[in-house]
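Trainee: pasting the sequence and the predicted coordinates here, then a few questions.
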Number of protein chains: 4
Amino acid sequence: MNYMHQLEFKVRDYECDMQGVVNNGVYQNYLEHARHEFLKTRNIDFSEVTASGINLVVVRAELNYRDSLRSNDVFEVRSHVQRQSRLRFEFLQDIYRLPDNRLMLQARIVGTSLNEKGKPLIPEFLEQLFD
Amino acid sequence: MNYMHQLEFKVRDYECDMQGVVNNGVYQNYLEHARHEFLKTRNIDFSEVTASGINLVVVRAELNYRDSLRSNDVFEVRSHVQRQSRLRFEFLQDIYRLPDNRLMLQARIVGTSLNEKGKPLIPEFLEQLFD
Amino acid sequence: MNYMHQLEFKVRDYECDMQGVVNNGVYQNYLEHARHEFLKTRNIDFSEVTASGINLVVVRAELNYRDSLRSNDVFEVRSHVQRQSRLRFEFLQDIYRLPDNRLMLQARIVGTSLNEKGKPLIPEFLEQLFD
Amino acid sequence: MNYMHQLEFKVRDYECDMQGVVNNGVYQNYLEHARHEFLKTRNIDFSEVTASGINLVVVRAELNYRDSLRSNDVFEVRSHVQRQSRLRFEFLQDIYRLPDNRLMLQARIVGTSLNEKGKPLIPEFLEQLFD
């Protein structure tokens, strides 16, 4: 995979559940934060986009859980984005534990953007992502 | 779909993000709670199972986001479970908004169970689910 | 205490941390949801208030943790609200486990409201709460 | 204040609510993570302590919310710990936004530790914190 962005995290203990591992739902938080930081490197600020009336939304998420992150684990979310169709784009995001570089999770997050009327529309500032 | 369990929820405002809708990651929380409540109706208590050394884990999650839940929305998670293979089972879970019964999310959550050594093994108490 | 509102909850397993009990931070979620539901019984809708440009904000929170909620616990948040000063109001909120009615947490949440310019101002629709 | 530890964070968008600011309950997550990282610098690992049967618990939390963190904000949690009584210790934790060093939140988190029987007992490894 030709990753276009990577972001390092450390597990926080409140993210772990009674099994002593990061709860399944928390991975989507990690992935979202990584996507938003990725977008910022392309001068797209999620909060400004939202305030302008455009909603970037997830329409499908696929997550393959390979192994569990635990307290003290440091890891990296590595992301790639590509166009999927005229109105959809997809982020391919993988989580690797550090320093052993073990693949913990593979995800595909499909999104679109909606204008103020709720109509799907890819604005110009998103087009640059797919060059 | 032949749903085997349904559970009613109400959106809580802390679950909504700056877009004013329930954040994507929160749906996995709803689905997990619905699964655990479903299991309880079959006399399977997730916390007791965990304490006994068996870990029920998610290996794959697929979520199709159809529409967004918002503040004040009441909704139902409807669940079905079936065997997928010798060592895997899958929950088919749909979220319907009430009272208009609009389908908001469709999910497939594939799981397995691991014994104390981390080896996949479906214990007998799970077998009854798939009759 | 002369409670003015009560709301029943059930612990959800994703709210529990590696100690097997509800994580400390989650209680503020319970209290917020109970306050918002309380306000709705007085015809104050938090999301509408927010959309209108008025921000109801917490300025101080005091929480006494008496005992820990666990998986399967059912509990009630019981709330009272009163004026604290010209520009501040306070919610007194206690959490009781059911059915044994054991007091688990006592909280005092002090709030104010800010107009669109960020200036503290108690709007008329809040005044009715303190009669 | 004589801070003994500081930890830098960045707001994540899923932590923001419909008001567009970090939700009140999230600050307790920040504070907890900062305490656990602080403890690690003193060779106390929260997850190992928990696994050994000792539960470090919060008995009281006081939070003064001075201003709201928002999307993109970078901030630091600065912490001090001291003994409060024979069986209780307290963390004084302040959150400063960077780079303007504006004080956003002041907190006092009182804790104790419980042995396997649930009896309060400050183990020796905690004593070193209060020298």
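Mentor: Done, it's in.
Trainee: for the residue nearest in space to the middle of chain A, give me its contacts.
Mentor: Centroid check for chain A by Cα atoms, centre = their mean gives A:L31 as the closest residue, at 3.3 Å. Contact analysis of A:L31 by Cβ atoms under 8 Å, 6 or more residues apart in numbering or on different chains lists A:V77, A:F91, A:Q93, A:I95, A:A107, A:I109. No exception for glycine: its C-beta is placed from N, CA and C like everyone else's.
Trainee: the closest residue to the last one other than its chain neighbours pairs with what?
Mentor: Read it as A:I109. Nearest residue to A:I109, sequence neighbours excluded (Cβ to Cβ, 6 or more residues apart in numbering or on different chains): A:F91, at 4.5 Å. As for beta bridges, A:F91 partners with A:V81, A:I109 under DSSP bridges.
Trainee: now A:F91: how far from chain C?
Mentor: A:F91 is 24 Å from chain C, where distance means Cβ to the nearest Cβ, to the nearest Å.
Trainee: chain A against chain D: which residues are in contact?
Mentor: Within chain A, the positions lying close to chain D (Cβ under 8 Å from any Cβ of the partner chain) are A:12-14, A:16, A:20, A:29, A:32-33, A:36, A:40, A:45-47, A:51, A:70-72.
Trainee: mind checking which of the residues you listed are buried?
Mentor: Applying 16 or more other Cβ atoms under 10 Å in any protein chain shown to the residues of chain A next to chain D, the neighbour count classes A:12-14, A:16, A:20, A:29, A:32-33, A:36, A:45-47, A:70-71 as buried.
Trainee: so which of those residues are in helices?
Mentor: A:N29, A:E32, A:H33, A:H36, A:F46, A:S47 (DSSP state H).
Trainee: give the contact list for the fifth one.
Mentor: So the one you mean is A:F46. Residues near A:F46 by Cβ under 8 Å, 6+ apart: A:H36, A:L39, A:K40, A:L56, D:D13, D:S71.
Trainee: number of nearby residues for the residue lying closest to A:E37 once chain neighbours are set aside?
Mentor: The shortest distance from A:E37 to any non-neighbouring residue, by Cβ to Cβ, 6+ apart, is to A:L7 (5.3 Å). Using other Cβ atoms under 10 Å in any protein chain shown, A:L7 has 17 other residues around it.
Trainee: so A:M1 touches A:Y96, yeah?
Mentor: No - counting by Cβ atoms under 8 Å, A:M1 sits too far from A:Y96 to count as a contact (11.0 Å).
Trainee: looking at these two, which is more packed in?
Mentor: Remark: of A:M1 and A:Y96, A:Y96 carries more neighbours, 17 against 10, as counted by other Cβ under 10 Å.
Trainee: give me the distance from the helix or strand containing that one to the chain's centre.
Mentor: Taking DSSP states H and E as the definition, A:Y96 sits inside strand A:88-98. The chain centre lies 6 Å from the centre of strand A:88-98; the measure is Cα atoms, centre = their mean, to the nearest Å.
Trainee: identify all contacting residues around the least confident helix or strand in chain A by mean pLDDT.
Mentor: Sorting the helices and strands of chain A by mean pLDDT, DSSP states H and E puts helix A:124-127 at the bottom, at a mean of 89. Residues from elsewhere that reach helix A:124-127 (Cβ under 8 Å, 6+ apart): A:N43, A:I44, A:V49, A:F89, A:S113.
Trainee: in PyMOL, select just the buried ones from those.
Mentor: Those of the contacts of helix A:124-127 that count as buried under 16+ other Cβ under 10 Å are selected in PyMOL with:
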select buried, chain A and resi 44+49+89+113
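Trainee: same list, the contacts of helix A:124-127, but as CSV with distance to chain B please.
Mentor: Listed next are these as CSV, based on distance: Cβ to the nearest Cβ, whole Å:
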residue, distance to chain B
A:N43, 19
A:I44, 15
A:V49, 10
A:F89, 15
A:S113, 12
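Trainee: nearest to chain C among the contacts of helix A:124-127?
Mentor: Proximity of these to chain C (Cβ to the nearest Cβ) peaks at A:V49, which lies at 18.8 Å.
Trainee: from the chain's centroid, how far away is the helix or strand containing A:R78?
Mentor: Applying DSSP H and E as the criterion places A:R78 in strand A:74-85. Going by Cα atoms, centre = their mean, the spacing between the C-alpha centre of strand A:74-85 and its chain's C-alpha centre is 6 Å.
Trainee: got a list of contacts for it?
Mentor: Applying Cβ under 8 Å, 6+ apart, the contact partners of strand A:74-85 are A:1-11, A:30-31, A:33-35, A:38, A:69, A:89-99, A:104, A:110, A:129-130.
Trainee: same deal with stretch A:10-26?
Mentor: By Cβ under 8 Å, 6+ apart, stretch A:10-26 touches A:29, A:65, A:68-75, B:25-26, B:28-29, B:32, B:47, B:50, B:55, B:57-58, B:61, C:13-14, C:16-18, C:20, C:23, C:25, C:71, D:29, D:32-33, D:36, D:46-47, D:51.
Trainee: from chain B, how far out is A:T41?
Mentor: According to Cβ to the nearest Cβ, A:T41 and chain B sit 20 Å apart.
Trainee: beta partners for the nearest residue to that residue once chain neighbours are set aside?
Mentor: Leaving out its chain neighbours, the residue that sits closest to A:T41 by Cβ to Cβ, 6+ apart is A:H5, at 6.3 Å. Per DSSP bridges, the residues bridged to A:H5 are A:S79.
Trainee: verify the stated contact: A:H5 with A:E37.
Mentor: Yes - counting by Cβ under 8 Å, A:H5 touches A:E37, with 7.3 Å between them.
Trainee: my guess is A:E8 meets A:L98, correct?
Mentor: Yes - with contacts defined as Cβ under 8 Å, A:E8 counts as touching A:L98 at a distance of 7.2 Å.
Trainee: and these two? which has more neighbours close in?
Mentor: Shown here are A:E8 and A:L98; by other Cβ under 10 Å, A:L98 has more neighbours (13 against 10).
Trainee: residue contacts, that one?
Mentor: A:L98 is in contact with A:E8, A:V74, A:F75, A:E76, counting by Cβ under 8 Å, 6+ apart.
Trainee: so it versus A:L7, what's the distance?
Mentor: For A:L98, the distance to A:L7 equals 12 Å [Cβ to Cβ, to the nearest Å].
Trainee: quote the end-to-end distance of stretch A:97-107.
Mentor: With Cα to Cα, to the nearest Å as the measure, stretch A:97-107 spans 15 Å from end to end.
Trainee: what about that stretch, distance to the chain center?
Mentor: The answer for stretch A:97-107 is 15 Å, by Cα atoms, centre = their mean.
Trainee: ok, stretch A:9-28 next?
Mentor: Centroid separation for stretch A:9-28 versus its chain: 16 Å, with Cα atoms, centre = their mean.
Trainee: same check, this time on stretch A:70-86
Mentor: 5 Å.
Trainee: let me see the mean pLDDT of that stretch.
Mentor: Here stretch A:70-86 scores 97 as its mean pLDDT.
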